[in-house]
Structures are given as structure tokens and as C-alpha cells.
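**Student:** Pasting the sequence and the predicted model now:
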Amino acid sequence: MSTIAPAAVKPLPEWRRFRFPQSLYKYGAVLGAAGFIWWSLDFLRIDVERLPGILGRMFDVLSERYWPPQVSRVMESGYIEAVVDTFQMSYVATVVGILIAIPLAWFGSFNMTPSRRYLYPVARMIVMSCRSVHEMIWTILLVAIVGFGMLPGTLAMTMFCIGFSGKLLAEAIEAIRNGPVEAIRASGANELQVFVFAVLPQVRVAWTGIAIYTWDVVFRAATVVGFFGAGGMGHYLRESVQRVESQEVAAIVLSIILIVFAAELVSAWIRARISRAIA
Amino acid sequence: MRAGAADLTAYDLHADQISAWRNRSRRMRYGTYFMVAALIAWSVEAIVIGDTDWDRISWASMFKSARQFMDVDFSILGSLLTPAIETALMATLGTLLGLVLAVPVAWLGAANISPLGKSSYAFGRALMTMSRSVHELVWALIFVAAVGLGALAGVLAMGIRSIGFISKTVAEAIEDVNPGPVEAMRAVGANRFQVLLFGILPQVIPVFIGNVIFEWDVNIRRSTIMGLVGAGGLGLALHRQMSAYNYGGVATVLLVILLLIIAGEIASYLARRAVI
Amino acid sequence: MSAILEVRDLRVRYSAGKEVLKGINFTVRSDDFLAIIGPSGSGKSTLIRCVNRLVEPNAGEILFEGRDLLRLGESEMRAARRNIGMIFQEFNLIERLSVIDNVLTGRLGYTGTWRSLFRAYTRDDIRNAIRLLDRVGLIEHLDKRADQLSGGQRQRVGIARALIQDPKMLLVDEPTSSLDPKIAREVMGLIREIAREFGVPVLCNIHDVNLALEYCTRVIGLQDGIKRFDGAPAEIDKRVLADIYAMETL
């Protein structure tokens, strides 16, 4: 059956996937990417010759110096208090952060903002600048200004929370249906009434989910802000790192992973429960 | 509608149910509010009263500390160029590593194509959670411990940290691909790998690229703090200025970080527009 | 003419327990253009997908060139699928690939895994793809992306993809349901011409009875998983249709 239709009289075109200029671009791009990676490794002084076998060596180092984790360190009453502190910081930061983020999300949602000219760009700017600075940098700054302790940690994570949840909350507003908004507006309601009666009911479920998810993320950050002097478990991590007590570090890192994992399970469970209760 | 006696009873019963349900949901709601408020009170007490030494903190002292940052020390600006480039490169290599590692994880963690069914699916999902639920600073500490100080630890940390987001979104995209092309590829006699390559990959490529760009943007942010635990870049410069109590220098580093992040945001915006 | 496909007592039960096909028997001869008609939900689409085992039957035999396809292992089945071209209702093109790359995917069964990774098809494959695209009238659209084509054009790409497999039989699943009536007739005409030209039998399920009667040489009527009719289009009258479509109004 290989004799496929007798060719028409006209000659059929030759075809190549990449004809002359494209073929050049394609190979140029591949070469360029490879060159860029090679140059980056060189610039970062990463020794390429040492890369093969790196997994084995990593395993050796971790198993020789970090194993077994010194569990007694994370059983100290001080450490357990620090875990509670961590929870408290993350909780306050999330609640306060979201309370601040809600009006910002309202003003910074393109469809519902009361003023596209003034409020919208300002709200977006605030959320974006909270977002663009890493939470650890907020922590360092606030520790320098307020001093050591839980307060700067809480403030830093509040900033982080505003940036993180502000964007998500605003996106939820931008996804609502416009029908109810028009209906409420047609009844002569003012902007606040429109927000409360047309927007809030539509975003309630999504916002609850976002709030719990945000707590989850904030809690993860809260476990390490103490590394820079802002209270919580991170403080113990820093101490052990500085004393080069590798087995203590291992125990603390493992405990952080476990606790964050547990927090994630709890948050997923609450989210599932609430979405069932509301929906 | 004519309301007969039977209808009325049914209606009353219904109203009773509604009000019972309302009472219950109201009780539940107030209970939740009360718990939220009680937790706040307890936590605020610990943070603001228990843990903060208000004798040492005053508006004046806070203002004074903040004031120190205002004298931006431009003299170190020149020495920040190399760390700034390092930071960007670390983020880029970390993202590349993350995207390479995310492909097999997405393959494991997509329910419809996971090679060994439920067990490999669960394993893939566990890897995703593992990657995301550990803070990048902790990953950086782990890799600094494992491979020593330097940019490599930062690249590895961000690579591992990036797997979670990229592979999760891609796995979700794989789970709702249009099954048509997959069926067509099976019908022409393609093997499993060819079905993945032609039936599924072209459909998820846009999601994949979009999320890689997004993750690159986030990684630039993460990259700025890697140096705080010894993994190179601007974080290291920040750390040095901090330890020298040169607050003007700290401010300069922060400004450079801000510039880098803005540049990254613009670049990722342009890249996303070029792709989509 | 000899039978190329023989289906014996084919049964399919979905996991919910509903039996979709309840013991179907029929043959396709090597010069047939066989239409399967029947109301929606009668099992037409399942039947066609059983032939190349996109759907796994629960019992029965499917003899393709004398070999029972249901006994084949995974790789043998893949090899068998190369000989069975398929054309789909929703075209099932890979939208982000070019037209010619779509046609070339029809050669995947003949192309090694490593070569397919780089889309390194043989010269002959590429030449055949161009010839086929010329045959179906898409030579100008060679390098366009598949999602830039109209519905009729996409179905022509689908036809070329099935033909490049060098098939010994074509399975056609509702080829016209996604097309408007005029284009639908063009596409049916093209499938008929090509089937003659290449000497391949066609097994086609089709919703539109009039199209079936016009283009096909034999018709099978299916209702609720049971074969109700098997004969020439000329034998179909009101009574037969009423039997096949039972309660559905025509």
C-alpha cells in the first residue's frame, strides 16, 4: 500500500521543519542557553567537576555529622514554649494582616474598586510592595527598629500576610459575577452597601479558604523568623547553628518539617470542613 | 395555588426545620467568632504584654533606629553589582533545576498518567508537599550543611523549593487535558512515551511555561535571602552590613534588592506576554 | 471478497454494571463502506472503539485478518493499531502542532521512541505526508498550526493522519457531527473517494441516517447494544428505521 495517490502533475514542495533563518535561530537558542548556563556556573564559582556524585557526598555529610538528630533538644520545655509562641505570632499576623488586606483587596480589584483613578493604583502599590520584599527582610528591618522579640516577628509577618493574601483576595473579587452587583446598585445602594451585599456573599467561601491557606503559609514563615531574632522556634535553630551542634540542628529542622506538615494537614482539614459547612 | 390543610402542615414542618437549622448555624457561627477572638486575646497578650519590654521601646527609640537607615551609604554601591548578578543567576539556575525536577514529579503526581497507579501517585503528591511545606530558608540551611557555603547551596535550595508549585500546577493541568488527542495517539499505535509526548505535552506546555516564569519571579525574591545563611548573593552583603552595624549600607543593599525585584517583575511580565 | 474483520459475540459492560454491548456479531469485507446507525446511547461509539481496543471489551472475539485482537499483549496491540486508521468526531488533532506534524504523528507506531522525541521522521514519511496533504487539498496550509484551521480543514488533516498509517482498515467515529451540513457532505465524499483509491474498507458510525444511506454500501442498525439490522441501504425503509430507533422520533 506504499503507493500513495499518484502525485499531481505539479511538483510537490520540499519541506523542512526549520527552514534557513529559523534553523539558525533554533540552534542559536540552544547554544545560547547552554552557554548561559555554563557562564552562570562559572560566575557563581560552582565547580562543575564536583557536581557528579554530589548526591552521594551530600548523603555522606548528612549521615555522618547530622545523624542521629538529638531529640532531647526539641523536648526541652523552652522549645515547646517556642512552638506555642510561633503559633501565636502566626495567628495574630494572619488575622491582623487579613483585616488590613480586605479593604486593600476591595480597593485594588479592578472591577469593584470605588475609584479606578486613585484608590486602585494606591492599593495595588501597597499590596505589591508588601509582596515584593521577602518576609525575612521585613523581619531583619523590624528587628532593627523594634528590637528582639515576638513583636517584630508578628509585624513582619503581618506585612507578608498583607502582600500574600491581598493579591489572592483581590483576584477572588475579580472573579465574581457582575449580575448581583448591578442588581444591588440598581436599588440605589452606595459603594459600601454594594460591597457588603453583592461582593461579600459571592467571595465568602473563596476568602475563607484563602484565609486558612494564608495562615498555613504564614506559619511556615513563622517557624524561621526567629532565626533573625524575632521569636519562636527559629531562635533555637540559630543558636544550634551558631554553636555548630549539627545533631541539634538536625533535630530542630526535622521538628520544623513535622510541625509545618501537621499544620498543613490541619489547615486542609479545616478548609474541607468549612467549605462543606458553607456550601 | 390552593393551600389545603395537608399543604399547610408540610409548610409548617418545613419552616420549623429552617429555623432549627438557622439556630444551629447561628450558634456555630458565634462559637467560631468567640474562638477566633479568644485566640487573638491570648496571642496578643503573649506578644504585646508578655514578650515585649515596653520600657526599652519608645516612639523616640524606634524613630531613632529607623532614622539610621535614612543615611543611605552609596559608597558600597559599586561592590553590590557582582552580588546582584549572582542573586539573579542563582534564581535562574534554581528555577531551571526546579523545572527539570518538576517534570518527573508531575508525571508521578498526575492521577491519570501516574505509571504505577495509586502508589506512585501518592508518592508524587508527597514529594510536592515536602517541597512546598519546608521554608526556603530551611532548605538553604540543609544544603549549606550538605554541600558547604556558596551559591550551589542556594541553587539547590531554590530548585527543590520550586518543584512543589511547578509540578502541582502541571499535574493538575495534565489531569484535565482534552482526552481526544490522547485517544488519537493511542489509536495510531503510539507507545506510552509517545502518547505523553504528543497527546499530553503540547496541551500542558503553556501552563508549564507560564508557571515557570511565575516561579522564577518568586525565586528572585527568595534568592535575595539565601546569603543570610551563607548561600551567596545579595543576602550575604546584607548580612555583612548588618554585622558591621552599618545601617546606611543595609539601606543601600535593600534598595538594590528592591531594584532587582522590580527588574525581575518587569522581565517576567514581558516574558509572560511574549509567550501568551 | 474476503472478510477483513470479524466480530463475534462482543460484550462490553461498564464498571457501573450496565451492559453497553450485548453480544454483537458482524463482519467487514475488504470492499465494504459499512455504516453503523442507531440512536445515541445505543453503543455505536463503544463498538467502534472496541475494534482497536480504545475500550476493553469484556467478552467476545475480534478477528482482524484472522487474528484475535483481544488476545494480543500491549506491544502486539500497538503494532496492530498501526494497521487500523481512525478518524474522530472532534478531529482530535494536536492543536499546538503544525498541520504536517499532525499528519506525521500517524507514523508514530513505526517510529522509534528516541526518533519521535526529536520528531525525526524518515524522508519517505515526510514525502508521503506532503502528498497526502496535497490529496486532501491542504497543501497551502502545511506549516499552519492546527488550531488555525476551520472544522472541515481539521477533519481533512485527521483523514491524512489516518491514511499515512498505511491502514488496512479505517475506523470512522461520527466524522460529520461537528461540521455543518455542506462541509459534512464534502468530508463524507472525500472519505468515500479515498477509501476506493487506497482500497481500504471503512467501518463508520454515523448519526445522520440520510448520509449513511447515501454514502455507504452496507448498514448495521444498533439499538441498546443489540444488532437490529444488517443489510444494504436499499433494504432500509420506514419499518426498519422505526425498529432501530424504537421510540425516538425521526
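**Tutor:** Yes, it's here.
**Student:** what about the helices in the stretch 1-150 of chain B?
**Tutor:** Counting by DSSP state H, counting those that start in this stretch, the stretch 1-150 of chain B forms helices over residues B:5-44, B:59-68, B:81-109, B:118-133, B:136-147, given from the N-terminal end onward.
**Student:** Deepest-packed of the ones you listed, please.
**Tutor:** When those are scored by mean count of other C-beta atoms under 10 Å in any protein chain shown, the highest mean neighbour count falls to helix B:136-147 (a mean of 24). Any C-beta I mention is one placed from the backbone N, CA and C, and that applies to glycine too.
**Student:** what about it, average pLDDT?
**Tutor:** The average pLDDT for helix B:136-147 rounds to 88.
**Student:** Which neighbouring elements make contact with it?
**Tutor:** helix A:54-61, helix A:200-225, helix A:246-278, helix B:151-175, helix B:201-226 (3 or more C-beta pairs under 8 Å, 6 or more residues apart in numbering or on different chains; DSSP states H and E).
**Student:** elements contacting the fourth one?
**Tutor:** So the one you mean is helix B:151-175. If contacts are counted by 3+ C-beta pairs under 8 Å, 6+ apart, helix B:151-175 sits against helix B:81-109, helix B:118-133, helix B:136-147, helix B:201-226.
**Student:** Next: the longest one.
**Tutor:** Under the contact criterion of 3+ C-beta pairs under 8 Å, 6+ apart, the helices and strands touching helix A:246-278 comprise helix A:71-75, helix A:77-107, helix A:200-225, helix A:234-242, helix B:118-133, helix B:136-147.
**Student:** Tell me the buried residues in it?
**Tutor:** Residues of helix A:246-278 classed as buried by neighbour count (16 or more other C-beta atoms under 10 Å in any protein chain shown): A:246-253, A:255-257, A:259-260, A:263-264, A:267, A:271, A:274.
**Student:** what about that helix, average pLDDT?
**Tutor:** Averaging pLDDT residue by residue across helix A:246-278 gives 85.
**Student:** what angle separates it from helix A:54-61?
**Tutor:** Angle, helix A:246-278 to helix A:54-61, by axes from the mean of the first three to the mean of the last three C-alpha atoms, to 10 degrees: 110 degrees.
**Student:** Taking helix B:5-44 as reference, get the angle to helix A:246-278.
**Tutor:** Helix A:246-278 and helix B:5-44 are oriented at 160 degrees to each other (the same axes, to 10 degrees).
**Student:** tell me the secondary structure for A:R116?
**Tutor:** coil (DSSP: H, G, I helix; E, B strand; the rest coil).
**Student:** Next up, the contacts around it.
**Tutor:** For A:R116, the contact set (C-beta atoms under 8 Å, 6 or more residues apart in numbering or on different chains) comprises A:F110.
**Student:** Roughly how far does it sit from chain C?
**Tutor:** Between A:R116 and chain C the distance is 35 Å, computed by C-beta to the nearest C-beta, to the nearest Å.
**Student:** Check the stretch 151-276 of chain B for the residue nearest chain A and tell me.
**Tutor:** Scanning the stretch 151-276 of chain B for the residue nearest chain A gives B:A151, at 3.7 Å (criterion: C-beta to the nearest C-beta).
**Student:** In chain B, what residue lies closest to chain C?
**Tutor:** B:G189 (2.8 Å).
**Student:** for that residue, what are its contacts?
**Tutor:** With the criterion set at C-beta under 8 Å, 6+ apart, B:G189 makes contact with C:78-82, C:108-110, C:165.
**Student:** Buried among those? Need that as a selection in PyMOL.
**Tutor:** To isolate in PyMOL the members of these that are buried, counting by 16+ other C-beta under 10 Å, one can use:
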select buried, chain C and resi 78+80+81+82+108+109+110+165
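**Student:** returning to that earlier point: which of the helices and strands packed on helix A:246-278 sits most buried?
**Tutor:** Burial among these, expressed as mean neighbours by mean count of other C-beta under 10 Å, is greatest for helix B:136-147, which shows a mean of 24.
**Student:** Show residues contacting it.
**Tutor:** Residues external to helix B:136-147 that are found in contact with it (C-beta under 8 Å, 6+ apart): A:54, A:57-58, A:61-62, A:65-66, A:136, A:223-224, A:227, A:237, A:241, A:246, A:249, A:253, A:256-257, B:152-154, B:156-158, B:160-161, B:222, B:225-226, B:228-231.
**Student:** where are the low-confidence patches of chain C?
**Tutor:** C:1, C:247-250 (pLDDT under 70).
**Student:** remind me, longest helix of it?
**Tutor:** Assignment by DSSP state H gives helix C:181-198 as the longest helix of chain C.
**Student:** which ones are touching C:V240?
**Tutor:** C:V240 neighbours (C-beta under 8 Å, 6+ apart): C:221, C:228-229.
**Student:** Name the member of those residues with the most neighbours.
**Tutor:** Highest neighbour count within the contacts of C:V240, by other C-beta atoms under 10 Å in any protein chain shown: C:G221, with 24 neighbours.
**Student:** Pretty sure it sits against C:L34.
**Tutor:** No - no contact is recorded between C:G221 and C:L34 when judged using C-beta atoms under 8 Å, the distance being 11.7 Å.
**Student:** just to revisit the earlier point, okay, the helices and strands packed on helix A:246-278 in a markdown table with distance to B:V256 next?
**Tutor:** Conversion of the helices and strands packed on helix A:246-278 to a markdown table gives the following (distance: least, C-beta to C-beta, whole Å):
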| stretch | distance to B:V256 |
| --- | --- |
| helix A:71-75 | 37 |
| helix A:77-107 | 27 |
| helix A:200-225 | 23 |
| helix A:234-242 | 25 |
| helix B:118-133 | 29 |
| helix B:136-147 | 20 |
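**Student:** all strands for chain C, in order.
**Tutor:** Using DSSP state E, the strands found in chain C span residues C:3-13, C:19-29, C:33-37, C:59-64, C:67-68, C:84-87, C:169-173, C:202-205, C:218-223, C:226-231.
**Student:** Leaving out the residues flanking it, which one is nearest to A:E245?
**Tutor:** Distance criterion C-beta to C-beta, 6 or more residues apart in numbering or on different chains; nearest residue to A:E245, sequence neighbours excluded, is A:Q70 at 7.4 Å.
**Student:** And that neighbour, how far from B:V229?
**Tutor:** Between A:Q70 and B:V229 the distance is 20 Å, computed by C-beta to C-beta, to the nearest Å.
**Student:** higher neighbour count, these two?
**Tutor:** For the pair A:Q70 and B:V229, the greater number of neighbours falls to B:V229 (29 against 17), based on other C-beta under 10 Å.
**Student:** Give me every residue in chain B lying close to chain C.
**Tutor:** By C-beta under 8 Å from any C-beta of the partner chain, the part of chain B that sits against chain C consists of B:180-181, B:183-191, B:193-194, B:197-199, B:202-203, B:205.
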